[in-house]
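# my questions concern the predicted model and sequence given below.
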Number of protein chains: 2
Amino acid sequence: MSKNICPLNATMNLIGTKWKPLVLFHLLDGPERSGILKSRIPEISNKMFTQTVRELEQDFLISRKVYPVVPPKVEYQLTEKGYSLEKILRDMDEWGRRL
Amino acid sequence: MSKNICPLNATMNLIGTKWKPLVLFHLLDGPERSGILKSRIPEISNKMFTQTVRELEQDFLISRKVYPVVPPKVEYQLTEKGYSLEKILRDMDEWGRRL
DNA sequence: TTGCCTAGTATACAATAAGTTACCTTAAAG
DNA sequence: CTTTAAGGTAACTTATTGTATACTAGGCAA
């Protein structure tokens, strides 16, 4: 009865939600402002967007830069750890293209 | 203003849940009986296991074979479509290994 | 100077998804 | 008789998501 400590579990804990891969994917081509990033994922709600980027930041997959201006300006970008998912994210996108 | 019809969305609709990638991953090495497959994912509840394999079956990622015996015997295996996710699944597992 | 605009986020509450527990099946073993 | 087996269902509780609304503070139009 080996307990399943399959590494995939760890991956799922970090990016195994409906929105995280999408947010990460849309940051692959460089930093984006919050609003623009959000607009690339039209179906996401405000709340889930904020919640998702917060969690990704906590897990060091993205970083958040706040400019102290009004109206607010916030930019997100992938960390190195986030970028290390590039191949997986692009493969998943490619896989979806063939459906 | 381009609405985001990113293929990754399609992928997420098929495997973008907490359990689906895990179920698929544990079928990569061949067909498994229901109980054994489930035991490889100890944290999954009975209900979520059944629900997950049902959805994967509907989406033609796995197939389900029922043997008319008592007690029941049911086997799951990846379809060709399911196998086409092999690289992604193994990469995700590998990524988790390095955390 | 009242009041609306902006972008990012926060909050309260409703809806949906996930987890828990109990129980069904039927044949053979004890 | 009673228990055990594997797989699954149904009823119910809790956790996660989604929706609608509002806040912030400087700039600007009326």
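Nice, I can see it. Numbers count the residues shown, from 1 in each chain, chains lettered A, B, ... in the order given.

# please make it C-alpha for all contacts and neighbour counts, starting now.
Noted.

# OK, contacts around A:Gly35?
By CA atoms under 8 Å, 6 or more residues apart in numbering or on different chains, the contact list for A:Gly35 is empty.

# do you know how far it is from chain B?
As judged by CA to the nearest CA, to the nearest Å, A:Gly35 and chain B stand 13 Å apart.

# and for A:Ile62?
16 Å.

# skipping its backbone neighbours, what lies nearest that residue in space?
Once flanking residues are discounted, A:Ile62 sits nearest to A:Leu78: 4.2 Å by CA to CA, 6 or more residues apart in numbering or on different chains.

# the one you found touches A:Phe25, doesn't it?
No: in this structure, A:Leu78 is not within contact of A:Phe25 by CA atoms under 8 Å, at 9.5 Å.

# does the residue nearest in space to the middle of chain A sit in a helix or strand, and which one?
For chain A, the residue nearest the mean C-alpha position is A:Leu24 (2.9 Å; CA atoms, centre = their mean). Element membership for A:Leu24, per DSSP states H and E: helix A:20-25.

# please compute how far that helix lies from its chain's middle.
Its chain's C-alpha centre and that of helix A:20-25 lie 3 Å apart, by CA atoms, centre = their mean, to the nearest Å.

# are the next helix or strand after it and DNA strand C in contact anywhere?
Going down the chain from helix A:20-25, the next helix or strand is strand A:32-33, by DSSP H and E. Yes: counting by CA under 7 Å from any atom of the strand, DNA strand C has neighbours in strand A:32-33: A:Arg33.

# does DNA strand D sit close to the helix or strand A:Gly35 falls within?
Using DSSP H and E, A:Gly35 sits in helix A:34-39. No: contact of helix A:34-39 with DNA strand D (CA under 7 Å from any atom of the strand) is absent, the minimum separation being 12.6 Å.

# same question, stretch A:13-29
Yes: counting by CA under 7 Å from any atom of the strand, contacts between stretch A:13-29 and DNA strand D involve A:17-18.
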